[in-house]
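Visitor: Take this sequence and fold it.
(chains A and B)
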2 protein chains.
Amino acid sequence: MSHKTDIQIAREASKRPIQEIGAKLGIGAEDMLPYGHDKAKISQEFITSVQGRQNGKLILVTAINPTPAGEGKTTTTVGLGDGLNRIGKKACICIREASLGPNFGMKGGAAGGGYAQVVPMEEMNLHFTGDFHAITSAHNLLSAMIDNHIYWGNTLDIDLRRVVWRRVLDMNDRALRNVVTSLGGVANGFPRETGFDITVASEVMAILCLAKDLADLEKRLGDMIVAYTRDKAPVYARDIKADGAMTVLLKDAMQPNLVQTLENNPAFVHGGPFANIAHGCNSVIATTTALKLADYVVTEAGFGADLGAEKFLNIKCRKAGLSPDAVVIVATVRAMKMNGGVAKGDLGAENIAAVKAGCPNLGQHIANIQGFGVPVLVAINHFAGDSEAEVQAVKEYVAEQGAEAVLCKHWADGGAGIEEMAQKVADLADSGVSRFKTLYPDEMPLFEKIESIAKNIYHADGVEADGKIRAQLKEWEEQGYGHLPICIAKTQYSFTTDPTQRGAPRGFTLPVREVRLSAGAGFVVAICGEIMTMPGLPRVPASESIRLNDEGLIEGLF
Amino acid sequence: MSHKTDIQIAREASKRPIQEIGAKLGIGAEDMLPYGHDKAKISQEFITSVQGRQNGKLILVTAINPTPAGEGKTTTTVGLGDGLNRIGKKACICIREASLGPNFGMKGGAAGGGYAQVVPMEEMNLHFTGDFHAITSAHNLLSAMIDNHIYWGNTLDIDLRRVVWRRVLDMNDRALRNVVTSLGGVANGFPRETGFDITVASEVMAILCLAKDLADLEKRLGDMIVAYTRDKAPVYARDIKADGAMTVLLKDAMQPNLVQTLENNPAFVHGGPFANIAHGCNSVIATTTALKLADYVVTEAGFGADLGAEKFLNIKCRKAGLSPDAVVIVATVRAMKMNGGVAKGDLGAENIAAVKAGCPNLGQHIANIQGFGVPVLVAINHFAGDSEAEVQAVKEYVAEQGAEAVLCKHWADGGAGIEEMAQKVADLADSGVSRFKTLYPDEMPLFEKIESIAKNIYHADGVEADGKIRAQLKEWEEQGYGHLPICIAKTQYSFTTDPTQRGAPRGFTLPVREVRLSAGAGFVVAICGEIMTMPGLPRVPASESIRLNDEGLIEGLF
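Guide: Below you'll find the predicted structure:
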């Protein structure tokens, strides 16, 4: 329908003052802290005041394993929110904030695409309301206080070699991955090896997104393990006395940000933990607040359903007491073809056989979600080149799995292009058929939890882990961390740990390379494969061409 | 009059919506970008639209060399602004933003004190409108791009040992002063020595505060020298192609922030470069904008008049074409006593002899400012224990210097306590007697400029510098940097480089230990003595007791 770029469409948006958007959810201007005219934070007083209300319906948007063809998960989340509003429902969207650093490497992430976007796009990809900067400050204050504690006598007897708390920056900077600090003599402390992660990988980010309120935030920050003594006893952020000051730094960041879609519908954009070493969903406080204000809340989870939805359900829903009423899995004809073996350059040609061959990837995600007791719809996110026969092939395949697929044209047509889906989602959520249960109970041993995910979600034959890892898990169980859920860190491109294995592979095992305890966030990370917590810039970074043009508009960021 | 603390007074302030404050300066709500209800950035469109107007009068508040007794320079700046408004003048205040990091070391800086404060105090000492975070991001993007350039082939032939661009954080973290980066193997780059400074020490901060507009900002950013080649040729930020993206990151930070005093008068709080390795004044854009909107603009400069006012006059005024109409030097009876040899514990007792003995420090500052052709008034910032005779001694001394001292009680009484001074300042500024000239012309050789400051301002016998430093200055002159002004970095506690030498010492020389070129900011830094660009935390940092109390108020920050 349109050949405009996302940024052109975003810039042409007729934004309404944020007070009007808040009013749609019954939030008064006095309960909003404006950041410019198109962004606002919602006051804690207001959030507290609505706790007695009934929850709306919770709808999760997830996807097949991502391919280079693009799935449009956020686009569909935004489109579905607009579609629900368009058919007369009171709906709100909840998505994650973007990380600033990576936008200066590759061209930046829009929040949605085409005519299904959240605005203001530029600011959401730059400093936005400063939440990530606050997390960087809070994280690095703790880092400085740890080294300062050691400098002034180390009464906690921290083992210099066992400081596990690193530093963070919201920047792609490979030079900071491994550093030696405190060089230059006595006045600068005790030299030691450490490094920087990107801010979204901070446990502080995960905590901000899981905390119920500021008191819960402070408690969780205090629970973080920052180092071990010579006797291998954990040293907590609370021991460093950093939890109070970190909470002060995070006071505003904790409040959800309200923005709007191109169709002037409300969207909370709040928090953005990594979807590998953390759980990859927007904040609990945004989602729970939205559920008090709207009849339908559409949210999404990072990566494909095997990683993103699994963590949304097993970590976020478990911790926050949330229960999804329906799940939408986003698929595209193009991604099905790629799963069926077609190269990216050949996606233009109709290839029904390849579509069919790729469908088992989708099928396994459908079955996995159904296994959680939640009803599923499949959104076929329409691309201009998709043939009717190809779309039909996907629909038929999905029907065979006991679900339904609906063609959605929100990218080209906004909410008007996704009305059919919106109605079906609303009906499904209202039907009350959801019987959500987590995959594993809290009391299951940690290793068995990993096995449960590997076998039931990835369909692996089992889990490989050496004795050291098993012993570590046992030790944490003895220390009282056995009840925690598992956060798997692995490639998002495959059910396996090999990113080239598309489709629905069988006959493989899940190798666990390392386990980490996020005691404040409240999960155990099982690292399966290479996980990069500080990206680098490419040979020609996007930042080389980002600039303000003569009209004062940003070029090169999108 | 009151035994309330600064923070108690600040919390009891009856703040008006920021739109009302802007209206006092003729700024419409549509030209303000609100950050909450009590802070706003002024749009560039509006700033551009008022450029044709006549300037108001510019009043600089400076001080004697600081002593542990406290002088109250910002308090007097704020009080004087309120006093001018109180006597019916249209006045605006321009001060610097606070650095977040140091507040977690020692108890944080209020913006003024007593009943002469700018609010919201908490936010001004935390994230405020995010300007410093934007500077941190822009600075570190350049750092990442430099290492990335080297990583991908180093076509600019940067000498790894001669990368002069470091990284920054707004945090007191001694462990980061000297680090080795890029450890851990091929994928992480080439190991090298570098370090972190605190954000306020970034040349980006100095540039933001000296740039006329965004175009000027981008040009200056491009002019920064980041490294040298094996042949010792400079490599500029422009060569790294970082200037455009840095400008995008600084787009909002460049716009002045409007807040209010306790008496609801307008105050711009914008920028905050270090007063040692940079020039230590609020932004040029805030000052020049305020001059278009108010009849009187009261601003201040960092440290004592020998460092702060000297740089304000020789760097900021020179670069921005500003011409001050009057200067107020703040002194206190207590500080005169300390300059006269009294220990801090003995300040309570009347000691007229000590007051008289300390006055030559004040006298030298008066004479120095008069040497710039600008008329001077002395504000005696009243403390409860000051005796009338002591105050009288200061007044008589000042009269002997051909100036006038006025007792000011703004700390206790707000604008009402400084009406007499406000009237005298307004009269003096209106009189047109100011004949401002800089201390030295652009074309004077760099070493002679240092000598000029040393002899005329510090009253040193001369400058000591080894041949290497003199040769470096010559080299910069040959490269076209000879026209730049000098930014002296030395202790603020004395006219000499020895912080224990109070009063007005004679018979000393100024040793220059090192010179640095800030080619983007546009000055040559002469470092005289130890200068710390990354502070550390004390044994018991303030952060250990900072927390939110049960009412949600911040404790321990002030």
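Visitor: Not counting its neighbours along the chain, what's nearest the residue nearest the centre of chain A?
Guide: The centroid of chain A falls nearest to A:Gly280 when counting by C-alpha atoms, centre = their mean (2.5 Å). Spatial nearest neighbour of A:Gly280, chain neighbours left out: A:Gly302 (3.0 Å); criterion: C-beta to C-beta, 6 or more residues apart in numbering or on different chains. C-beta coordinates here come from the backbone N, C-alpha and C atoms, glycine included.
Visitor: What is the burial count for A:Pro441?
Guide: 11 (other C-beta atoms under 10 Å in any protein chain shown).
Visitor: and it, helix, strand or coil?
Guide: With DSSP: H, G, I helix; E, B strand; the rest coil as the basis, A:Pro441 sits in coil.
Visitor: per-residue confidence at it?
Guide: If you check A:Pro441, the pLDDT there is 98.
Visitor: quick one: contacts for the residue nearest to A:Gly280?
Guide: Shown in contact with A:Gly302 (C-beta atoms under 8 Å, 6 or more residues apart in numbering or on different chains): A:Arg96, A:Phe274, A:Ala275, A:Gly280, A:Cys281, A:Gly308, A:Lys311, A:Gln492.
Visitor: so the last one touches A:Gly304, yeah?
Guide: Yes. Using C-beta atoms under 8 Å as the test, A:Gln492 is close enough to A:Gly304 to be in contact (5.8 Å).
Visitor: Comparing those two, which residue is more hemmed in?
Guide: Counted by other C-beta under 10 Å, A:Gln492 and A:Gly304 do not tie: A:Gly304 has more neighbours, with 27 against 17.
Visitor: thinking again about what came up before, among the contacts of A:Gly302, who's most crowded?
Guide: A:Cys281 (31 neighbours).
Visitor: Quick check, it in contact with A:Cys209.
Guide: Yes. Proximity of A:Cys281 to A:Cys209 meets the contact threshold set by C-beta under 8 Å, at 6.7 Å.
Visitor: Name the residues contacting each of the two.
Guide: A:Gly271, A:Pro273.
Visitor: So for A:Ala465, what pLDDT did the model give?
Guide: At A:Ala465, pLDDT is 96.
Visitor: residues touching it, list them.
Guide: By C-beta under 8 Å, 6+ apart, the contact set of A:Ala465 is A:Phe447, A:Ile450, A:Pro511, A:Val512.
Visitor: let's go with 7 Å and repeat that
Guide: Contacts of A:Ala465 were listed using C-beta atoms under 7 Å, 6 or more residues apart in numbering or on different chains, and they are A:Val512.
Visitor: ok so, going back, identify the contacts common to A:Gln492 and A:Gly304.
Guide: Shared contacts of A:Gln492 and A:Gly304, counting by C-beta under 7 Å, 6+ apart, come down to A:Asn65, A:Pro66.
Visitor: A:Lys39 versus the residue nearest to A:Gly280, what's the distance?
Guide: Applying C-beta to C-beta, to the nearest Å, the value for A:Gly302 to A:Lys39 is 23 Å.
Visitor: returning to that earlier point: unless I'm mixing things up, the residue nearest to the centre of chain A is touching A:Gly308, no?
Guide: Yes. The pair A:Gly280 / A:Gly308 is scored as a contact, 5.5 Å apart, by C-beta atoms under 7 Å.
Visitor: who touches both of these two?
Guide: Going by C-beta under 7 Å, 6+ apart, residues that sit against A:Gly280 and also against A:Gly308 are A:Ala301, A:Gly302.
Visitor: Over to A:Asn314. Which of the three states is it?
Guide: Going by three-state DSSP: A:Asn314 is helix.
Visitor: What is the burial count for it?
Guide: Neighbours of A:Asn314 using other C-beta under 10 Å come to 24.
Visitor: I'd like to check which residues are in contact with it.
Guide: Taking C-beta under 7 Å, 6+ apart as the test, what A:Asn314 contacts is A:Thr438, A:Leu439, A:Pro485.
Visitor: Which positions in the stretch 251-400 of chain A make contact with chain B?
Guide: A:Lys251, A:Asp252 (C-beta under 7 Å from any C-beta of the partner chain).
Visitor: just the helices in the stretch 251-400 of chain A please.
Guide: A:284-293, A:310-311, A:318-320, A:333-339, A:352-371, A:388-400 (DSSP state H, counting those that start in this stretch).
Visitor: by contact count, what packs against the following helix or strand past the last one?
Guide: If I follow you right, that is helix A:388-400. Counting by DSSP states H and E, the element after helix A:388-400 in chain order, helix or strand, is strand A:404-408. With contacts defined as 3 or more C-beta pairs under 7 Å, 6 or more residues apart in numbering or on different chains; DSSP states H and E, the packing partners of strand A:404-408 are strand A:376-381, helix A:388-400, helix A:419-431.
Visitor: at 8 Å what do you get?
Guide: helix A:73-86, strand A:376-381, helix A:388-400, helix A:419-431 (3 or more C-beta pairs under 8 Å, 6 or more residues apart in numbering or on different chains; DSSP states H and E).
Visitor: and among the ones you listed, the most buried is which?
Guide: helix A:73-86 (a mean of 29; mean count of other C-beta atoms under 10 Å in any protein chain shown).
Visitor: angle of that helix against helix A:419-431?
Guide: Interaxial angle, helix A:73-86 versus helix A:419-431 (axes from the mean of the first three to the mean of the last three C-alpha atoms, to 10 degrees): 80 degrees.
Visitor: closest point of the stretch 401-550 of chain A to chain B, which residue?
Guide: The nearest approach of the stretch 401-550 of chain A to chain B comes at A:Arg547, 2.8 Å away (C-beta to the nearest C-beta).
Visitor: Skipping its backbone neighbours, what lies nearest that residue in space?
Guide: The nearest residue in space to A:Arg547 (C-beta to C-beta, 6+ apart) is B:Gly244, at 2.8 Å.
Visitor: The one you found: how many residues sit nearby?
Guide: 22.
Visitor: which SS state does it fall under?
Guide: Applying three-state DSSP: B:Gly244 is helix.
Visitor: still on that earlier bit, return the member of the contacts of A:Gly302 nearest to A:Lys73.
Guide: A:Gly308 (8.4 Å; C-beta to C-beta).
Visitor: what's near enough to touch the closest residue in space to A:Phe558 that isn't next to it in sequence?
Guide: Excluding its sequence neighbours, the residue lying closest to A:Phe558 (C-beta to C-beta, 6+ apart) is A:Ile7, at 4.2 Å. A:Ile7 makes contact with A:Ala110, A:Met121, A:Glu122, A:Leu557, A:Phe558 under the criterion C-beta under 8 Å, 6+ apart.
Visitor: Could you measure from A:Ile7 over to A:Asp170?
Guide: A:Ile7 is 21 Å from A:Asp170, by C-beta to C-beta.
Visitor: what's the answer for A:Lys212, then?
Guide: 25 Å.
Visitor: hmm, which of the contacts of A:Ile7 are the buried ones?
Guide: A:Ala110, A:Met121, A:Glu122, A:Leu557, A:Phe558 (16 or more other C-beta atoms under 10 Å in any protein chain shown).
Visitor: So for the fourth one, what pLDDT did the model give?
Guide: So the one you mean is A:Leu557. 88.
Visitor: Next: the second one.
Guide: In the prediction, the pLDDT value recorded for A:Met121 is 93.
Visitor: Hmm, the residue nearest to A:Arg547 is touching A:Ile546, no?
Guide: Yes. Counting by C-beta under 8 Å, A:Ile546 is a contact partner of B:Gly244 at 5.6 Å.
Visitor: so what sits against both of the two?
Guide: By the contact definition C-beta under 8 Å, 6+ apart, B:Gly244 and A:Ile546 are jointly contacted by A:Gly556.
Visitor: Could you pull up the contacting residues of the residue nearest to A:Arg547?
Guide: A:Ser543, A:Glu544, A:Ser545, A:Ile546, A:Arg547, A:Leu548, A:Gly556, B:Glu218.
Visitor: 7 Å instead, please
Guide: B:Gly244 neighbours (C-beta under 7 Å, 6+ apart): A:Ile546, A:Arg547, B:Glu218.
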